[in-house]
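Asker: quick one, what's the 3D model for this:
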Amino acid sequence: MVKKNAFYAQSGGVSAVINASACGLIETARQYSSSIGKVYAGRNGIIGALMENLIDTSQESDDAIRALRHTPGGAFGSCRYKLKRLEGNKDEYERLIRVFKAHDIGYFFYNGGGDSQDTAYKVSQIGDRLGYPVVCIGIPKTIDNDLAVTDNSPGFGSVAKYVAVSVREAALDVLSMALTSTKVFILEVMGRHAGWIAAASGLAAMQAGDAPHIILFPEIPFNEDQFLRKVNSSVKDYGYCVIVASEGVRNEVGQFLSAMSAQQDAFGHAQLGGLAPFLAQIVKEKLGYKYHWAVSDYLQRSARHIASQVDVEQAYQVGKAAVELAVKGENAVMPIIIRTSQDPYRWEIGSTALKNVANVEKKLPQNFITQEGFGITQAAHSYLAPLIDGEDYPPYKHGLPVYVQLKNIPVEKKLKETFILT
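Answerer: Predicted coordinates for the structure are as follows:
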């Protein structure tokens, strides 16, 4: 086997554990130095390849790479940039292959969600067509937990833990003051089309009457009358009401409640935001209760200080498995997590073809949502609970976590032509 270099890129919204996958990949690639040369990382994701802005990870010490395991964010930079359709739009793909060829890159590892796996799949096809085959391996990552085939997605378990802990703690705060102050608290969480993160908040409840009293899922159309009746009954029965709302909640005709005009993100998705204050205004106008609201936003996906131990380990293992699959000669595949036992919880790493996960969304099953549509069932609890188990604290100094910042030394460019993003 002729030794080739590897290219690794992080894609989309980052997580508390995406760097753990990078750690697993780079450490394992160093162990397979007879098959894999240098590991180059894309500065700001796939854009780094298009612009020939590569980072030489071989310039980083073993200690620095090891520290990625407990460092949140994207160590090499990420991006929201989706390559155009392959048919009739070959320029971007041909550019990737030219960059790969110039830097003797024979392995492409793409760490991201469904859109990213679609890109990796397309690159695996175009390489063959252009006479420069590239081994393309996807690495699963999404806090939304909406990747198909894999039991769960690295990044989700830590967000689930953060949201469940935050709801339990905030509920105690609200309950303490509910008699004379705030009676309704609304937490808005991420989740455009799938309510996995919102569902995880249900783990906070230990017994009937505990928060959250209402969970709003994208899978269940929002009904204002039913919502207000539930808020009112919760306040009457328990003295307060805690609501967790997924940003992707829609009305009965399928419109996002929180869509901001006609704005779109880089993937062409509607730009969401403002659901919590929207719901709070309804509560104020119709019920008159004093309220507070919060948006967990980036806090939920960057909270490495309270990451799930299971999530950290799974993130590391899919990065490790990506290299092992590539060295074995696998191509156009993605390592997946397989749940082999529920009680006790056990899992292992398998793999699936990229075409099985590219652009496929896994939504919250109906049997995970209670009949009234405002809570989670025991089936959901059984699925979710193991994913938030255990703590994996980063090192601390002077009361703050210690995170690594890589040198990110650039690789010298070899192509004369530049590439303009459109």
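
Asker: any weak-confidence spans in the protein?
Answerer: 1, 86, 88-89, 259-273 (pLDDT under 70).

Asker: quick one: list the elements packing against the top helix by length along it.
Answerer: Secondary structure of the chain per DSSP state H: the longest helix is helix 156-177. Under the contact criterion of 3 or more Cβ pairs under 8 Å, 6 or more residues apart in numbering; DSSP states H and E, helix 156-177 touches strand 184-189, helix 196-200, strand 241-246, helix 297-302, helix 309-327. For every residue, glycine as well, the C-beta is placed using N, CA and C.

Asker: tell me the contacts of the spatially closest residue to Ile338 that is not a sequence neighbour?
Answerer: Sequence neighbours aside, Gly350 is the residue nearest to Ile338 in space, at 4.7 Å (criterion: Cβ to Cβ, 6 or more residues apart in numbering). In this structure, Gly350 makes contact with 335-338, judged by Cβ atoms under 8 Å, 6 or more residues apart in numbering.

Asker: which SS state does Gly350 fall under?
Answerer: strand (DSSP: H, G, I helix; E, B strand; the rest coil).

Asker: just checking, Leu130 touches Phe100?
Answerer: No - between Leu130 and Phe100 there is no contact under Cβ atoms under 8 Å: 10.0 Å.

Asker: okay, those two: which has more neighbours?
Answerer: Applying other Cβ atoms under 10 Å to Leu130 and Phe100 shows that Phe100 carries more neighbours, namely 22 against 16.

Asker: show me where the stretch 51-200 of the chain has strands.
Answerer: According to DSSP state E, counting those that start in this stretch, the stretch 51-200 of the chain carries its strands in the segments 54-56, 105-112, 135-140, 184-189.

Asker: any idea which of those strands gets closest to Asp151?
Answerer: Asp151 lies closest, by Cβ to Cβ, to one member of the strands of the stretch 51-200 of the chain: strand 135-140, at 10.3 Å.

Asker: what angle sits between that closest one and helix 309-327?
Answerer: Per axes from the mean of the first three to the mean of the last three Cα atoms, to 10 degrees, the angle that strand 135-140 makes with helix 309-327 is 170 degrees.

Asker: which elements pack onto strand 135-140?
Answerer: strand 105-112, helix 114-129, helix 309-327, strand 333-341.

Asker: what angle separates the longest one from strand 333-341?
Answerer: With the same axes, to 10 degrees as the basis, helix 309-327 and strand 333-341 are set at 140 degrees to each other.

Asker: now for helix 309-327, which elements pack on it?
Answerer: Secondary structure elements in contact with helix 309-327, counted by 3+ Cβ pairs under 8 Å, 6+ apart, are helix 18-31, strand 36-42, strand 105-112, strand 135-140, helix 156-177, strand 333-341, strand 346-353.

Asker: go again with 10 Å.
Answerer: The contact analysis (3 or more Cβ pairs under 10 Å, 6 or more residues apart in numbering; DSSP states H and E) places helix 309-327 against strand 4-10, helix 18-31, strand 36-42, strand 105-112, strand 135-140, helix 156-177, strand 333-341, strand 346-353.

Asker: would you point to the one among these that's packed deepest?
Answerer: Neighbour counts (mean count of other Cβ atoms under 10 Å) averaged over each of the helices and strands packed on helix 309-327 peak at strand 135-140, with a mean of 29.

Asker: and that strand, C-alpha only, in CSV?
Answerer: Presented in CSV, the C-alpha positions along strand 135-140 are these (Å, rounded to 0.1, in the frame of the first residue of the first chain):
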residue,chain,number,x,y,z
VAL,A,135,-11.0,7.0,0.6
CYS,A,136,-13.8,8.9,2.2
ILE,A,137,-15.0,8.2,5.7
GLY,A,138,-17.7,10.1,7.5
ILE,A,139,-17.5,10.7,11.3
PRO,A,140,-20.9,11.2,13.0
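
Asker: pull the distance from it to the chain's centre.
Answerer: Distance, stretch centre to chain centre, for strand 135-140: 16 Å (Cα atoms, centre = their mean, to the nearest Å).

Asker: and the most far-flung residue of the chain relative to its centre, what does it touch?
Answerer: Of all residues in the chain, Thr180 has its C-alpha farthest from the mean position, at 39.0 Å, by Cα atoms, centre = their mean. By Cβ atoms under 10 Å, 6 or more residues apart in numbering, the contact set of Thr180 is Lys290.

Asker: ok, it to Tyr240 distance?
Answerer: Relative to Tyr240, Thr180 is positioned 12 Å away (Cβ to Cβ, to the nearest Å).

Asker: check His103 too.
Answerer: Distance, His103 to Tyr240, using Cβ to Cβ: 59 Å.

Asker: with Thr418 instead?
Answerer: Thr418 is 58 Å from Tyr240, by Cβ to Cβ.

Asker: looking at the two, which is more packed in?
Answerer: More crowded of Thr418 and Tyr240, by other Cβ under 10 Å: Tyr240, with 22 against 9.

Asker: before we move on, back to that, which one of the contacts of Gly350 is nearest Asn408?
Answerer: Nearest to Asn408 among the contacts of Gly350: Pro335, at 25.6 Å, using Cβ to Cβ.

Asker: right, and that closest one touches Gly319 too?
Answerer: Yes - applying Cβ atoms under 10 Å as the test, Pro335 and Gly319 come out as touching, 8.5 Å apart.
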